[in-house]
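> okay, sequence plus prediction incoming.
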Amino acid sequence: MMAASRLRLAVVVGARPNFIKLAPIMKATRDYNACAGGGWVDTFLIHTGQHYDFQMSRIFFQELAIPEPDVHLAVGSGTHGEQTGRAMIEIEKVLSEYKPDLVMVLGDVNSTLAGALAAAKMQIAVAHVEAGLRSFDRTMPEEINRVLTDHISELLFCPTETAVGNLRNEGITKGVYLTGDVMVDALLGWREMAERSDILERLGLVTKQYVVATVHRASNTDDRRNLQNILDALSAARERVIFPVHPRTRRAMMEMAVNPPADNVSLVEPLGYLDFLKLLSHARKVVTDSGGLQKEAYILGVPCVTLRETTEWPETLESGWNTLVGSNQARILAALRDSRTAGRSSAAFGDGKSSVAIVQILTTYGLFRPHEEH
Ligand code: UD1
Ligand code: UDP
């Protein structure tokens, strides 16, 4: 018996930023299915298990109404080869059973590359959400993941004009769509709910009288001197700093026996998205090496001090909203004290409807096909 046409969409996620990008896409898919005239999108969610702590994974599914993964591959931590390889082996098995029309991957983590490679080698079309970003720094594992994923993707959903230009410069023009950034969708979609978080009361904070810090980039956590410089700069800031510590960084701090920061710095567990969004939006400044945070800070109008020398989000550097300082103590402190900022372009990352645009493109791409009803 033939059923209505369906698109079998497998989605591969594994790490914290993946879950936040996934949330608005799942919502857009649900909305599409609720009023679908021409077809139906079946999503099949594959969680590689790259991140596994409750505060790094499950909390986002609960808070952002992401359905339970259809499979959990328990890949866990390891070297790049181990983690990416294990994920590929397991994803391949799942794809050969599920037989999707399309595999969607998001961002630039090892699970992204594993999903894209496994699918492309099985001749399954790959859609990359957050395509075209470049820091032009190949020492970053994420840059390698981005470049390789883009070059084997059939559909490339770009968050910015710059990303479209980067792809063009690498000869990729087919299947490229400027959709805007799905993280803006998440931010706008959950901002009101986040405002209801009591995180400021819980931590005894006053709006605009504290700084938020996050650190997890290999270049900062795996080098004792860099990590110590960052902690020392936060201590020297002499204002309240809330530092939700990524598990990688917690481990590095213990293993390398760094000197703990001063009392003005509160080391806390990684936060859920709603608490974090509230914390960020009321902060005076944010100090981070995160990719996603630079942009969230820009959109929320919170000046950002970035603990890196390059960024894949150059738009945030305009008018001094984001400053690249590496891990140099004096530069971190100078940027923390600097209060110059000018106008921002609110449209730089899209209008908050990127996920709807992505689902629209997926459903008009000609991949819909009649499926046997089981
Ligand atoms: C990964 C991504 C990075 C992204 C970050 C988001 C890659 C190459 N890196 O970095 O781009 O910005 O996620 O947070 O994919 N750990 C735990 N519990 C967990 C997860 C990790 O304890 O739930 C610890 C383990 O010791 C592990 C280490 O953190 O070895 C690093 O985890 P991993 O997923 O390899 O890389 P991230 O640093 O999290
Ligand atoms: N984030 C969070 N809790 C935290 C720190 C970050 O929910 O304690 C969110 C943050 O708002 C952003 C995302 O995690 O949406 C960024 O992920 P991360 O910094 O881990 O990865 P990156 O963007 O650098 O790849």
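Looks like it came in fine. Ligands and ions are numbered 1, 2, ... in the order given.

> show me what contacts residue 354?
Counting by Cβ atoms under 8 Å, 6 or more residues apart in numbering, residue 354 makes contact with 24, 157, 159, 179, 180, 181, 182, 184, 185. Bear in mind the C-beta positions are built from the backbone N, C-alpha and C, glycine included.

> contact partners for the fourth one?
Residues near residue 179 by Cβ under 8 Å, 6+ apart: 157, 158, 159, 350, 354, 357, 358, 361.

> try it again with 10 Å
By Cβ atoms under 10 Å, 6 or more residues apart in numbering, residue 179 lies in contact with 129-131, 156-159, 185, 350, 353-361.

> for the buried ones among the residues you listed, write the corresponding ChimeraX selection.
Only the buried entries of those go into this ChimeraX selection, using 16 or more other Cβ atoms under 10 Å:
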select :129,130,131,156,157,158,159,185,350,353,354,355,356,357,358,359
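
> okay, residue 115 and ligand 2: tell me how far apart.
Residue 115 sits 16 Å away from ligand 2, taking Cβ to the nearest ligand atom, to the nearest Å as the criterion.

> secondary structure element holding that residue?
helix 110-121 (DSSP states H and E).

> thinking again about what came up before, in strands, which of the contacts of residue 354 appear?
Judged by DSSP state E, strands contain the following of the contacts of residue 354: residue 157.

> quick one: which of the contacts of residue 354 is nearest to residue 219?
Nearest to residue 219 among the contacts of residue 354: residue 159, at 23.1 Å, using Cβ to Cβ.

> quick one: contacts for the closest residue to that closest one other than its chain neighbours?
Computed as Cβ to Cβ, 6 or more residues apart in numbering, the closest residue to residue 159 that is not its neighbour in sequence is residue 181, at 3.6 Å. Contact partners of residue 181, counting by Cβ under 10 Å, 6+ apart, are 21, 129-130, 133, 157-160, 163, 187, 292, 295-296, 299, 313, 348-352, 354-355.

> for ligand 2, tell me which of these show up nearby.
Filtering the contacts of residue 181 for neighbours of ligand 2 using Cβ under 6 Å from any ligand atom leaves 292, 296.

> returning to what we had before: so which of the contacts of residue 354 belong to helices?
Residues from the contacts of residue 354 lying in helices, with DSSP state H as the criterion: 24, 182, 184, 185.

> farthest-apart pair in these, please.
Using Cβ to Cβ, those span at most 8.8 Å, a distance reached by 24 and 184.

> who touches both of these two?
Common neighbours of residue 24 and residue 184 (criterion: Cβ under 10 Å, 6+ apart): 352, 353, 354, 355.

> identify the farthest-apart pair in the residues you listed.
Between any two of those (Cβ to Cβ), the greatest distance is 8.9 Å, for 352 and 355.

> got any residues that touch both of these two?
Counting by Cβ under 10 Å, 6+ apart, the shared contacts of residue 352 and residue 355 are 24, 180, 181, 182, 184, 185, 186, 189.

> which of the residues you listed lies closest to ligand 1?
Distance to ligand 1 across the shared contacts of residue 352 and residue 355 (Cβ to the nearest ligand atom) is lowest for residue 186, with 14.9 Å.

> was I right about the closest one contacting residue 350?
No. Counting by Cβ atoms under 10 Å, residue 186 does not reach residue 350; the two are 11.6 Å apart.

> so what's residue 275 closest to, chain neighbours aside?
residue 199 (4.3 Å).

> just residue 102 next, same as before
residue 125 (5.0 Å).

> please report phi then psi for the one you found.
Per-residue torsions, residue 125: phi -60, psi 140 (degrees, to the nearest 10).

> just give me the neighbour total for it.
If you count neighbours by other Cβ atoms under 10 Å, residue 125 ends up with 17.

> same thing with residue 206?
By the criterion of other Cβ under 10 Å, residue 206 has 10 neighbours.

> which SS class is it?
coil (DSSP: H, G, I helix; E, B strand; the rest coil).

> do you know the pLDDT at it?
On the pLDDT scale, residue 206 is placed at 98.

> so it sits against residue 239, correct?
No. Using Cβ under 10 Å, residue 206 makes no contact with residue 239, being 11.0 Å away.

> so what sits against both of those two?
Here residue 206 and residue 239 have residue 284 as joint contacts, going by Cβ under 10 Å, 6+ apart.

> strands - which of the contacts of residue 179 land there?
Those of the contacts of residue 179 mapping onto strands are 129, 156, 157, 158, per DSSP E.

> redo the residues you listed as a markdown table? Include pLDDT and distance to residue 288.
Listed next are these as a markdown table, based on pLDDT from 0 to 100; distance: Cβ to Cβ, whole Å:
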| residue | pLDDT | distance to residue 288 |
| --- | --- | --- |
| 129 | 98 | 22 |
| 156 | 98 | 26 |
| 157 | 98 | 24 |
| 158 | 98 | 23 |
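
> for these, give me JSON lines that also has distance to residue 230.
Converted to JSON lines, the ones in strands among the contacts of residue 179 look like this (distance: Cβ to Cβ, whole Å):
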{"residue": "129", "distance to residue 230": "30"}
{"residue": "156", "distance to residue 230": "34"}
{"residue": "157", "distance to residue 230": "33"}
{"residue": "158", "distance to residue 230": "31"}
